[in-house]
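*Asks:* what would the 3D arrangement of this be:
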Amino acid sequence: MSNLFEASGLESTAPRPLADRLRPQRLEDVVGQEHLLSSEGPLGRMLGAGRLPSLILWGPPGTGKTTIARLLAKRVNLHFEQISAVFSGVADMRKAFEAAKARRMTGQATLLFVDEIHRFNRSQQDGFLPFVEDGTVTLVGATTENPSFELNAALLSRVQVLVLHRLDDAALETLLIRAEEMERPLPLTPDARAAMKAMADGDGRYLLNMVEALYAQAIVTSLDPKGLAEAVQRRPANYDKDREGHYNLISALHKSLRGSDVDAALYYLARMLVAGEEPLYVTRRLVRFAAEDIGMADPNALVQALAAKDMYDFLGSPEGELGIVQATIYLATAPKSNAAYKAQKLAYSAARREGSLMPPKHILNAPTKLMKDIGYGKDYAYDHDTAEGFSGQNYFPDEMPREVYYAPKERGFEREILKRLAYWQKLREEKM
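*Replies:* From the prediction side, this is the model:
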């Protein structure tokens, strides 16, 4: 269809979005990806050597993946062929490969650009392998998802993965300036201009779509941030609950809690809840954190985390989310210890290693005469009958030396536990 428009001369006069009209015509004009495109960047070095391998361009939406692919093909004189994993199937892939083979016979190589490549299933991804290996196509795939999770190992072993960054403030400002040079100054106060860049959330395409929406409204007075918010729609946060953004933010929340940075923890909690994360999922992670990273340094941490779960179950959103906030604050500011977590691992390891050793007979109950006759319960010392309330008897299996799993820290309530353990160990040694 596009060829018919071009042949009729209509292509140049057809309305085109501002983002398309501002699409860079040279790699040097691409903004925000200097770490890849500079002479010292990986793409800069590849182009300097006159060689372009198959690539995966991984980055957020609106960071220039499609543009870079087009300009790479132009720079190294490859025919640019594009398919989308959203709309294409096996028949489209086969047609692209056959066309590439035919061009190759005439001496023209092909760059096959596959948008949203992560949406192809495993067998479809395998379909690229022979054509990449024999050089029929130079594959350039674009994905917003982590290739480690979404692309199979066979394909990943045949490509280089390049990471594109979300556009920073300077890159977004460059796009605004280019738009104003093409059209006219934006009707924005300085604060509103900054707010627009923040609303774009690193997505250059979305920024230019907002600019176009402003131009379409023929606004004559400068808008402040509130007026801007009324004129254009904020970009939704980039967050998929079953994708990498989900795991990145819960990891950031967990590590901020562990690092006792209450403000960072609240920020990542807000990021997740504002983006639509299930509050009970977050609460489950807080409960786990309370036991894993605080433990006996503050036993009340687990109580607080479970109370947040109960409050949310009782009130729901948004009222119940305050309980999750309170638990987050408590956990971030509590003393930290992973002694219980480490003790679990050591004890589990010993249990697997030692097998089915019997406990010592003196701590076994003897409900029958036979059990008494063979020594069950013999010489058991009832701790409450001792002066210290501590007998110091051995409770490990006779075939196993005494081991230490729990090593409390000098923090919070575990300081008191440490004193108790030291006292009991002293008594144990005296009674031996």
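
*Asks:* the strands in the stretch 301-432 of the chain, which residues?
*Replies:* Secondary structure of the stretch 301-432 of the chain (DSSP state E, counting those that start in this stretch): no strands located.

*Asks:* please apply the same query to the stretch 101-250 of the chain.
*Replies:* Using DSSP E, counting those that start in this stretch, the strands assigned to the stretch 101-250 of the chain run over residues 110-115, 138-143, 160-163.

*Asks:* and the shortest one, which strands flank it?
*Replies:* Partner strands for strand 160-163, per DSSP bridges, with pairing direction: strand 55-58 (parallel).

*Asks:* I'd guessed Ala109 sits against Phe80; true?
*Replies:* No: in this structure Ala109 lies outside contact range of Phe80 using CB atoms under 8 Å: 10.9 Å. C-betas here are computed from N, CA, C, even on glycine.

*Asks:* and the longest helix along the chain, which residues are buried?
*Replies:* In the chain, with assignment by DSSP state H, the single longest helix is helix 414-431. Neighbour counts over helix 414-431 (16 or more other CB atoms under 10 Å) mark 414, 417-418, 427 as buried.

*Asks:* now it: mean pLDDT?
*Replies:* In this model, helix 414-431 has a mean pLDDT of 92.

*Asks:* CA atoms of it as PDB?
*Replies:* Only the C-alpha atoms of helix 414-431 are listed here, as PDB (Å, rounded to 0.1, in the frame of the first residue of the first chain):
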ATOM      1  CA  GLU A 414      19.400 -10.300  69.700                       C
ATOM      2  CA  ARG A 415      21.900  -8.600  72.000                       C
ATOM      3  CA  GLU A 416      19.800 -10.000  74.900                       C
ATOM      4  CA  ILE A 417      19.700 -13.400  73.200                       C
ATOM      5  CA  LEU A 418      23.500 -13.400  72.700                       C
ATOM      6  CA  LYS A 419      23.900 -12.800  76.500                       C
ATOM      7  CA  ARG A 420      21.600 -15.700  77.300                       C
ATOM      8  CA  LEU A 421      23.400 -18.100  74.900                       C
ATOM      9  CA  ALA A 422      26.700 -17.100  76.400                       C
ATOM     10  CA  TYR A 423      25.400 -17.700  79.900                       C
ATOM     11  CA  TRP A 424      24.000 -21.100  79.000                       C
ATOM     12  CA  GLN A 425      27.300 -22.100  77.200                       C
ATOM     13  CA  LYS A 426      29.200 -21.200  80.400                       C
ATOM     14  CA  LEU A 427      26.900 -23.400  82.500                       C
ATOM     15  CA  ARG A 428      27.100 -26.200  80.000                       C
ATOM     16  CA  GLU A 429      30.900 -26.100  80.200                       C
ATOM     17  CA  GLU A 430      30.800 -26.100  84.000                       C
ATOM     18  CA  LYS A 431      28.500 -29.100  84.100                       C
END
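
*Asks:* which residue is nearest the middle of the chain?
*Replies:* Asn248 (2.4 Å; CA atoms, centre = their mean).

*Asks:* would you mark the buried spots in the helix or strand containing Arg271?
*Replies:* When elements are assigned from DSSP states H and E, Arg271 belongs to helix 262-274. With burial defined by 16+ other CB under 10 Å, the residues of helix 262-274 counted as buried are 262, 264-266, 268-269, 271-273.

*Asks:* hmm, back to that, I'd like the buried residues of helix 414-431 as JSON lines, with distance to Gly375 appended.
*Replies:* Converted to JSON lines, the buried residues of helix 414-431 look like this (distance: CB to CB, whole Å):
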{"residue": "Glu414", "distance to Gly375": "38"}
{"residue": "Ile417", "distance to Gly375": "34"}
{"residue": "Leu418", "distance to Gly375": "36"}
{"residue": "Leu427", "distance to Gly375": "25"}
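
*Asks:* where does the stretch 151-300 of the chain have low pLDDT?
*Replies:* Scanning the stretch 151-300 of the chain for pLDDT under 70 picks out the ranges 235-245.

*Asks:* so which residues of it form helices?
*Replies:* All helices of the stretch 151-300 of the chain, identified by DSSP state H, counting those that start in this stretch, fall at 153-156, 169-182, 190-200, 204-216, 225-231, 244-258, 262-274, 279-289, 300-315.

*Asks:* list the buried residues in the second one.
*Replies:* Applying a neighbour-count criterion of 16+ other CB under 10 Å, one finds 171-173, 175-176, 178-179 buried in helix 169-182.
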